[in-house]
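Trainee: Curious how this folds, go ahead:
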Amino acid sequence: MIDHRPQTTKAHGAVVAAHTRRHWLAVGAAALLVCLSGVAPAQTLLRLARLENIPDQAVGAEILKAVYRRLDIAVEFVDLPAQRALIESSQGRVDGEVQRILAVQDQYPSLIALRPSINYIEPSAFVKRVRFAVDGWSSIAPYSIGIVRGVGSSERGTSGMARVEPVATMDQLMQMVAAERFEVAVNDRFSGLLVIKRLRLDPVVQPLAPPLQHIALHHFLHESHRDLVPKVEQVLRSMEASGELERLRAQITARMLTDAEK
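Mentor: Numbering: from 1, shown residues only. The predicted model follows:
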């Protein structure tokens, strides 16, 4: 009689071993999925309010991409009207603001201003025919002036002046000064240059120098991200000290101005 017991035992052992391997592979895969799902902390994706149709906001957004890339944090931008953006960010429904003037922190204490500033605007006098020596806001007071409604720097700078006409958009502002509806159009220098190049008005409308004002713009985070503030500020200080912040801004604005001419 032939004894088949050793072969049966051997075959059974192979089956058990294969089953065991499959079991531990499955356990390992499940554990890996659990680990991967726990790797990303809450702040690895930040949603930031970006003011819609404002060119300097696009500049700030590009700068922040470079800043947060150093911290391995992804950012996405939610385009909103100016006042709506403050409501959403101050209540924490978005994680912060791309950039605002420093005074925002006084009115919205739940928003933390990061230092140093990441960008700036330079309200400037755009003209077609008139020429005069620019020496701050008071130097434009004798002229008829156009501003974009809702732009705080323009509204504050021209407050109390006799002939100020608010318009709805930057495009409308530049078209109206080209048509001589008013003598001076007040707009951020970079944004104004972008608009007149895109509208092909740069042969007839130009900014006067120097700007009326230089206004620093700060990145803001909601207070729920307070622990992130020193990390971001460390990156900003490093980029400022090396000159990278200014170089980056120059590269972004130059590219946008070139694209506007196409």
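Trainee: Show the residue spans covered by the helices in the chain.
Mentor: Shown for the chain, the helices assigned by DSSP state H span residues 5-39, 55-69, 82-90, 104-107, 152-157, 170-178, 189-198, 229-241, 244-260.
Trainee: Pull the distance from the fifth one to the chain's centre.
Mentor: For helix 152-157, the distance from its own C-alpha centre to the chain's C-alpha centre is 21 Å (C-alpha atoms, centre = their mean, to the nearest Å).
Trainee: Who are the packing partners of that helix?
Mentor: Helix 152-157 sits against strand 123-127, strand 145-148, strand 184-188, with contacts defined as 3 or more C-beta pairs under 8 Å, 6 or more residues apart in numbering; DSSP states H and E. The C-beta positions use only the backbone N, C-alpha and C, and glycine is treated the same way.
Trainee: Quick check: buried residues in it?
Mentor: Of the residues in helix 152-157, those with enough neighbours to count as buried (16 or more other C-beta atoms under 10 Å) are 153-154, 157.
Trainee: quick one on the thing from earlier: highest mean neighbour count across the helices of the chain, which stretch is it?
Mentor: Each of those was scored by mean neighbour count; the highest is helix 189-198, a mean of 23, by mean count of other C-beta atoms under 10 Å.
Trainee: Would you tell me which of the helices of the chain gets closest to V127?
Mentor: helix 170-178 (7.0 Å; C-beta to C-beta).
Trainee: any chance of the buried residues of helix 152-157 in TSV, with distance to I73 and pLDDT too?
Mentor: Listed next are the buried residues of helix 152-157 as TSV, based on distance: C-beta to C-beta, whole Å; pLDDT from 0 to 100:
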residue	distance to I73	pLDDT
S153	30	92
S154	34	94
G157	36	96
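Trainee: any idea which of the helices of the chain scores lowest on pLDDT?
Mentor: Ranked by mean pLDDT, the helices of the chain bottom out at helix 5-39, with a mean of 47.
Trainee: Closest to L248 out of the buried residues of helix 152-157?
Mentor: Proximity of these to L248 (C-beta to C-beta) peaks at S153, which lies at 22.9 Å.
Trainee: For that closest one, list the residues it contacts.
Mentor: By C-beta atoms under 8 Å, 6 or more residues apart in numbering, the contact set of S153 is 101, 121, 123, 188, 213, 215.
Trainee: again with I101
Mentor: The neighbours of I101, taking C-beta under 8 Å, 6+ apart as the test, are 152-153, 215-218.
Trainee: Return the distance of it relative to P166.
Mentor: Plainly put, I101 is 19 Å away from P166 if you go by C-beta to C-beta, to the nearest Å.
Trainee: Need the pLDDT of the spatially closest residue to L212 that is not a sequence neighbour.
Mentor: Using C-beta to C-beta, 6 or more residues apart in numbering and skipping residues adjacent in sequence, the residue nearest L212 is P123, 4.7 Å away. Model confidence at P123, given as pLDDT, is 98.
Trainee: ok, now the one 10 residues further on?
Mentor: In the predicted model, A133 carries a pLDDT score of 97.
Trainee: Test my guess that it contacts S139.
Mentor: Yes: using C-beta atoms under 8 Å as the test, A133 is close enough to S139 to be in contact (6.7 Å).
Trainee: Those two: which is more packed in?
Mentor: S139 (15 against 7; other C-beta atoms under 10 Å).
Trainee: what's near enough to touch that one?
Mentor: 125, 132-133, 212.
Trainee: ok, the spatially most central residue of the chain to I54 distance?
Mentor: Averaging the C-alpha coordinates of the chain gives a centre point, and the residue nearest to it by C-alpha atoms, centre = their mean is A61 (2.6 Å). Note on A61: its distance to I54, by C-beta to C-beta, is 10 Å.
Trainee: swap in A241?
Mentor: To I54, A241 is 28 Å away according to C-beta to C-beta.
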